[in-house]
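# next comes the sequence, and after it the predicted model I'd like to discuss.
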Amino acid sequence: MALIQQTAVALAVLALWAFGDAMGTFNPDVLPPLSDVATQFVAIWARPEFVAALAGTLRDAVAGILCAAVLAIPLGILIGMSGAVERATRTLLDFGRSFPVVALLPILVLVIGANAQMKIVSISIACFFPILLQTIYGARRMEPTIVDTVRSFRIPFRLRFFKVILPAASPFIATGLRIATSVSILVAVGTEVIIPITGLGQQISLARINNQVAVAFAYVLYAGLLGMILTSLWEQVENRLLAWNRRGKGE
């Protein structure tokens, strides 16, 4: 039922777009005709740079998520395990998650250079805080009964970490990774638009410079689809890995 509703909304948006084109409501230099975008959506597969751009965005987005996760998950668990540390770092973390990554791009270009490594670093910074904060929430939010049981039986730290804290934090970590998946594509494409690095964003920028508005929109649609596919794939993995959590909630 949900899929039918989502499809209906998408078709309604496309119908509104086509109707606006027919009535001359939209400026074609800003919003090109739907038919032109649909034509370019298929035609750009014949462009030699398309596959390289798609692969560049996907590769660097995944690399950025992995780098962020390797750093954020252990650090988030360590911070979440201590209430004093969590309170002491709260202001710093709030500042970090609110700081726009785009403001760091000029500095990153100077330090690293305008290359794929710089893009991966910017993606990692943007993905780091969603994963870190969700991990902290997960490590902090344990059932009081579980906490009392662990204290009463004086369970060793290693066993407590792998059998209590990590499983309790896993659903929150999965949520952080899901958020980071969408963020990674946004930051990757945004970085490529601003700085000439191989990817979908670079092709969007070049198409716009050459006044190929329909081509630019086609690349934008592919960037959105790439984000949707990555998020959907992660949700499938999450459903398998955390099936025990869903069963426990009666889902």
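Looks like it came in fine.

# same for the longest helix along the chain, what does it pack against?
What stands out as the longest helix in the chain, according to DSSP state H, is helix 48-81. Secondary-structure packing of helix 48-81 (3 or more CB pairs under 8 Å, 6 or more residues apart in numbering; DSSP states H and E): helix 83-98, helix 116-140, helix 166-194, helix 200-209, helix 213-241. Bear in mind the C-beta positions are built from the backbone N, C-alpha and C, glycine included.

# do you know which of these lies nearest Leu16?
helix 213-241 (15.4 Å; CB to CB).

# report the buried residues of that closest one.
213-220, 222-223, 226-227, 230-231, 234, 238 (16 or more other CB atoms under 10 Å).

# just the angle between that helix and helix 48-81, please?
40 degrees (axes from the mean of the first three to the mean of the last three CA atoms, to 10 degrees).

# and helix 213-241, what does it pack against?
By 3+ CB pairs under 8 Å, 6+ apart, helix 213-241 packs against helix 34-43, helix 48-81, helix 166-194, helix 200-209.

# circling back to that earlier point, so which of the buried residues of helix 213-241 comes closest to Thr135?
Proximity of the buried residues of helix 213-241 to Thr135 (CB to CB) peaks at Glu238, which lies at 14.7 Å.

# was I right to think the closest one contacts Ala174?
Yes: using CB atoms under 8 Å, Glu238 is in contact with Ala174, at 4.6 Å.

# what's the separation between Met118 and Leu132?
Counting by CB to CB, to the nearest Å, the gap between Met118 and Leu132 amounts to 21 Å.

# look at those two and report which has more neighbours.
Remark: of Met118 and Leu132, Leu132 carries more neighbours, 28 against 22, as counted by other CB atoms under 10 Å.

# give me the pLDDT value at that one.
With respect to pLDDT, Leu132 has a value of 93.

# tell me the spatial nearest neighbour of it, not counting adjacent residues.
Ala72 (4.0 Å; CB to CB, 6 or more residues apart in numbering).
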